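[1] My questions are about this predicted structure, shown below with the sequence.
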Amino acid sequence: MNLNTEYIKKLMGWCPNARSVEAGQRINLESFEYYTPAGARGEGGNLKDPGWFRRESSRILLPNIVLTFVYLLLINQIGLNLTSLGGGLFAGLAVVALHWNQQMQRYDTIAKKPVVRCISKKRSLWVYLAIILFILFIVLLPYMFNFSDHSRGYYYSYLATGLYFMWGAYFQLTYWEKKNHMRIYVKNEKGFQKTYALGEKGGKL
């Protein structure tokens, strides 16, 4: 067995799906490992692209586009405060800068060895639900506390902080991928999620 298989076996002790695995519902490791740097090579040694939707950058880009579109519609209705928008820009970029090295180290770690973690569907559902409720609370907060029109415009303009941070994270990832001639992918299968990096065509692993 390779290191990836051994790592998955160590996870069985705490994974919510461990019992089902022990009962006979085993993960198809051969298929799961196919998309690793070692298993994604064809006979000629070229890496096979798992697809655009499995790229981690795509998983960041799509929510960014949707939330930006919704935010622009909201600002068009409420009005824009340039001072607050500038403050949001500074705050969002500051957060990106503070976490820059930590994120770059994460990507470097993934490039060296795929990261496998256990994913509970029930837990993931609750996390997504919590995020949606939090976003709704943030958006509706001025109406709940009867903010004035001026305060409402100031508040919503400052909410761009989150968008700046999300777009900053996206461009940081694309910068790392271009710099290292690699792309980071995410694969989900039977309660496990694997994050790994593949070399681009003409690039290096």
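    Okay, I see it.
[2] any idea which element residue 172 lies in?
    In this assignment (DSSP states H and E), residue 172 forms part of helix 160-180.
[3] then that helix to PDB, C-alphas only?
    The C-alpha trace of helix 160-180 is given here as PDB (Å, rounded to 0.1, in the frame of the first residue of the first chain):
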ATOM      1  CA  ALA A 160     -17.500  44.800   0.300                       C
ATOM      2  CA  THR A 161     -14.800  43.800   2.800                       C
ATOM      3  CA  GLY A 162     -15.900  40.200   2.400                       C
ATOM      4  CA  LEU A 163     -15.900  40.400  -1.400                       C
ATOM      5  CA  TYR A 164     -12.400  41.900  -1.400                       C
ATOM      6  CA  PHE A 165     -11.200  39.000   0.800                       C
ATOM      7  CA  MET A 166     -12.800  36.400  -1.400                       C
ATOM      8  CA  TRP A 167     -11.400  37.800  -4.600                       C
ATOM      9  CA  GLY A 168      -8.000  38.200  -2.900                       C
ATOM     10  CA  ALA A 169      -8.100  34.500  -2.000                       C
ATOM     11  CA  TYR A 170      -8.900  33.600  -5.600                       C
ATOM     12  CA  PHE A 171      -6.100  35.600  -7.100                       C
ATOM     13  CA  GLN A 172      -3.700  34.300  -4.500                       C
ATOM     14  CA  LEU A 173      -4.500  30.800  -5.500                       C
ATOM     15  CA  THR A 174      -4.200  31.500  -9.300                       C
ATOM     16  CA  TYR A 175      -0.900  33.300  -8.600                       C
ATOM     17  CA  TRP A 176       0.400  30.200  -6.800                       C
ATOM     18  CA  GLU A 177      -0.700  27.900  -9.600                       C
ATOM     19  CA  LYS A 178       1.000  30.000 -12.300                       C
ATOM     20  CA  LYS A 179       4.100  30.400 -10.300                       C
ATOM     21  CA  ASN A 180       4.500  26.700  -9.600                       C
END
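[4] Next, the buried residues of that helix.
    Residues of helix 160-180 classed as buried: 160-170, 172-173, 176-177, 180 (neighbour count, 16 or more other Cβ atoms under 10 Å). In this view, the C-beta of every residue, glycine as well, is placed from N, C-alpha and C.
[5] Please name every helix or strand in contact with it.
    helix 56-78, helix 82-98, helix 100-112, strand 182-189 (3 or more Cβ pairs under 8 Å, 6 or more residues apart in numbering; DSSP states H and E).
[6] Tell me the gap between it and the middle of its chain.
    Centroid separation between helix 160-180 and its chain, computed with Cα atoms, centre = their mean, to the nearest Å, is 11 Å.
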